[in-house]
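# This is the structure alone, sequence omitted:
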């Protein structure tokens, strides 16, 4: 029995490993890329006695700390690491110059006071969300470089040695990251936005089938808006990383990455409208089937037109052309909504429910 | 003009620094605690020539990597770091034993293959969200320890030296973290849940005033549910950290931290009900003031009773007693809702709107 439990947990473990790999096969490639960088650096520093080992450790730390999944991430962390080394080193050298005028006991006290102040400041700055996200690993490098330079007698040499080791590590990572199966954060962001719009379109159709025909379609289609609403953090981090990437493929230099945030916000608005629409699928809310039958035709027209419009917008976003065909569909949807509005005014207050459909289309455009 | 712009940006910078500090003054204390740990370790390794410096750098890395804001975070990272060192070291020693039977060129090849395999595996495992959150810094330690031991001739000594340095760093951090102004993740979680319930209560009252009296009260009160909905990630990370903390104050050993997740989920449900309630504040939805006037009395009763119930639940959660008084309020709210229901059935389909109020209270209980 216990052996069975062991095997089943082993099977689960294996399953989640294959899922992580098959969800995005580029993850496997990324792992191989990092392993290649580590092996290359091990060959470079191979067999160089004591100094070889410390440099090897330094460059392994650089690879593990700097080599991110996307090119943008790798470049951002690389620049950050170089800056941290330079600033830490400069402060260390400055401290040494200051200390030449002091006797030894004074120098010790000065150094300890500096360690205390720098430690407090760097720790405090990690509480800023922006700094936390980008510069976190830089803090370690900054503090260790400062201490290494300040405590040793050959400060300036140490900086150059350290900088060289870090540079070799960073160059290896960057080259592998850009030239072997590159993963561009900008491309991922672009595809994510387009697919979010498509998800919303499917979600609308799913609502229609469910509301009017009482058929429960694929649940994942129905709750697509949740995925869209949750993608905000991913979008923001991808936008931040995309800025660091050089021009590539479709993306020219100075690509307007700021616009992606605005489009993302619009998509979020649409998704939350669709979310409140889905509240009406709640079986606790009684709606007569006669009433449903009456409004079915105009509602279906609205939804179909909006579906077409969203599909056009999604596909034209993907290939970066103007979604001119969408305007026609939205006009049609508006006309149908207007019609429905007239009909509802003669019936009851219920129209409020359906007015909420209209903004979906207009906002999307 | 430019000087003015410089000063205003300086002022903004200063403002955000003071905001980070005043939002949670414990952040300043935490920075001072980390600085104290760094200074103490600098004194320990002071002036011990070359070895002193490498050990100092190692222990500074330990402090920066291990000393987290809460006690739970510090303990979790400490254990993680010790494990990573031990596993990395053990693998390094194993490799050395294997290599004694090989000639030099074979050893080199074996080592490089191992570096490649371990690099690929550790990088791949970082894609698992759970591992990413807890063990990320451990990966660096694991790889560097393995390399340090495998590449050097005195493997076992190296491990003990490294382990000792890391242990001294960790003990310093843990002692300072627990005994000087400790920040308990469990306590923060407890307070967060209680305050979330209170926020929802205020939110309900805010809705009432806004809906029936058309007065816009403090916007922050109105949109409190957004804060509650967004606190999920914080709650989850606090729960994970709270598990690591020893018993302290109110919190006995084996405190049921799992229950906090369930309560958190209930609170989220309430918040999303209140969110959909707030959709009715949209001025685009026309509701006759006559109708509003008619339903005002029972609705106010429901809301007031639910408000009282939520307040009781919040305050009794805070001091860990059973919220027995809340049951009475919820019964009253249910009775009022029943009344409203009868009234609405005689009027129109509109009741659907108000049925959604009832679950708020029942779920909360």
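Thanks, I have it. Treat the numbers as computed from the prediction; the structure is a model and nothing was measured.
# Any regions of chain A where pLDDT drops low?
A:1-2, A:47-52, A:133-136, A:153-155, A:214-222, A:279-288, A:344-365 (pLDDT under 70).
# Residue most distant from the centroid, it?
Using Cα atoms, centre = their mean, the residue of chain A lying farthest from its centre is residue A:103. It sits 52.2 Å away.
# Let me see the backbone angles for that residue.
Note on residue A:103: backbone dihedrals following degrees, to the nearest 10 are phi -80, psi 170.
# For the stretch 151-300 of chain A, which segments count as helices?
Secondary structure of the stretch 151-300 of chain A by DSSP state H, counting those that start in this stretch: the helices cover A:155-179, A:185-213, A:219-222, A:224-230, A:232-242, A:257-278, A:289-318.
# what angle separates the second one from helix A:257-278?
Using axes from the mean of the first three to the mean of the last three Cα atoms, to 10 degrees, the interaxial angle of helix A:185-213 with respect to helix A:257-278 works out to 20 degrees.
# tilt between helix A:185-213 and helix A:232-242?
Going by the same axes, to 10 degrees, helix A:185-213 makes 160 degrees with helix A:232-242.
# and what of the last one?
Relative orientation of helix A:289-318 versus helix A:232-242 (the same axes, to 10 degrees): 10 degrees.
# Tell me which residues of helix A:289-318 come out buried.
For helix A:289-318, the neighbour count (16 or more other Cβ atoms under 10 Å in any protein chain shown) marks A:295, A:298-317 as buried. Placement of C-beta: from N, CA and C, glycine included.
# Same question for stretch A:62-80.
A:62-78, A:80.
# right, and residue A:147 touches residue A:92 too?
Yes - look at residue A:147 against residue A:92 with Cβ atoms under 8 Å: they come within range, at 7.5 Å.
# Find the residues that touch each one of the two.
Counting by Cβ atoms under 8 Å, 6 or more residues apart in numbering or on different chains, residue A:147 and residue A:92 have no contacts in common.
# The buried residues of stretch A:62-80 also near chain B: which ones?
The subset of these lying close to chain B, counting by Cβ under 8 Å from any Cβ of the partner chain, consists of A:64-65, A:67.
# Would you mind listing the buried residues in the helix or strand containing residue A:343?
Residue A:343 is part of helix A:324-345 when elements are defined by DSSP states H and E. Going by neighbour count (16+ other Cβ under 10 Å), the buried part of helix A:324-345 is A:326, A:329-330, A:332-334, A:336-337, A:340, A:344.
# is it possible to export those to JSON lines including distance to chain B?
Output for the buried residues of helix A:324-345, formatted as JSON lines (distance: Cβ to the nearest Cβ, whole Å):
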{"residue": "A:326", "distance to chain B": "23"}
{"residue": "A:329", "distance to chain B": "23"}
{"residue": "A:330", "distance to chain B": "18"}
{"residue": "A:332", "distance to chain B": "22"}
{"residue": "A:333", "distance to chain B": "17"}
{"residue": "A:334", "distance to chain B": "15"}
{"residue": "A:336", "distance to chain B": "18"}
{"residue": "A:337", "distance to chain B": "13"}
{"residue": "A:340", "distance to chain B": "15"}
{"residue": "A:344", "distance to chain B": "11"}
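# Looking at those, spot the one nearest residue B:6.
residue A:326 (46.0 Å; Cβ to Cβ).
# Confirm for me that that closest one is in contact with residue A:309.
Yes - counting by Cβ under 8 Å, residue A:309 is a contact partner of residue A:326 at 4.4 Å.
# measure stretch A:245-260 end to end?
15 Å (Cα to Cα, to the nearest Å).
# Oops, could you answer that again for stretch A:92-107 instead?
OK, stretch A:92-107 end separation, Cα to Cα: 13 Å.
# most centrally placed residue in chain A?
Mean-position check on chain A, Cα atoms, centre = their mean. Result residue A:234 at 3.1 Å.
# That residue against residue A:192, yeah?
Yes - taking Cβ under 8 Å as the definition, residue A:234 is a contact partner of residue A:192 at 6.8 Å.
# tell me how far the host helix or strand of residue A:114 is from the chain's mean position?
Applying DSSP H and E as the criterion places residue A:114 in helix A:104-125. Distance of helix A:104-125 from its chain centroid, counting by Cα atoms, centre = their mean, to the nearest Å, is 36 Å.
# buried sites along it?
Quick answer for helix A:104-125 (16+ other Cβ under 10 Å): A:107-108, A:111-112, A:114-116, A:118-120, A:122-125.
# quick one on the thing from earlier: list the contacts of the residue nearest to the centre of chain A.
For residue A:234, the contacting residues are residue A:192, by Cβ under 8 Å, 6+ apart.
# gap between it and residue A:341?
Using Cβ to Cβ, to the nearest Å, one gets 37 Å for the distance from residue A:234 to residue A:341.
# go on, residue A:326?
22 Å.
# Next: residue A:262.
On the measure of Cβ to Cβ, residue A:262 and residue A:341 end up 29 Å apart.
# and if you look at residue A:128?
Distance from residue A:128 to residue A:341, counting by Cβ to Cβ: 49 Å.
# number of nearby residues for the closest residue to residue A:264 other than its chain neighbours?
Excluding the flanking residues, the one nearest residue A:264 by Cβ to Cβ, 6 or more residues apart in numbering or on different chains is residue A:235, at 4.7 Å. Neighbour count for residue A:235, taken as other Cβ atoms under 10 Å in any protein chain shown: 21.
# wait, what's in contact with residue A:235?
Here residue A:235 is in contact with A:189, A:192-193, A:260-261, A:264 (Cβ under 8 Å, 6+ apart).
# Show me the two of these that sit farthest apart.
The widest separation within the contacts of residue A:235 (Cβ to Cβ) is 12.5 Å, between A:192 and A:261.
# between the two, who's got more neighbours?
Set residue A:192 next to residue A:261 and count neighbours by other Cβ under 10 Å: residue A:192 wins out with 17 against 14.
# shouldn't that one be in contact with residue A:238?
Yes - with contact defined as Cβ under 8 Å, residue A:192 reaches residue A:238; the gap is 6.9 Å.
# To what extent is residue A:236 buried, counted in neighbours?
15.
# Please apply the same query to the one 3 residues further on.
Other residues within reach of residue A:239, judged by other Cβ under 10 Å, total 19.
# For the closest residue to residue A:205 other than its chain neighbours, give its distance to chain B.
Using Cβ to Cβ, 6+ apart and skipping the chain neighbours, the partner closest in space to residue A:205 is residue A:307 (5.4 Å). Taking Cβ to the nearest Cβ, to the nearest Å as the measure, residue A:307 falls 23 Å from chain B.
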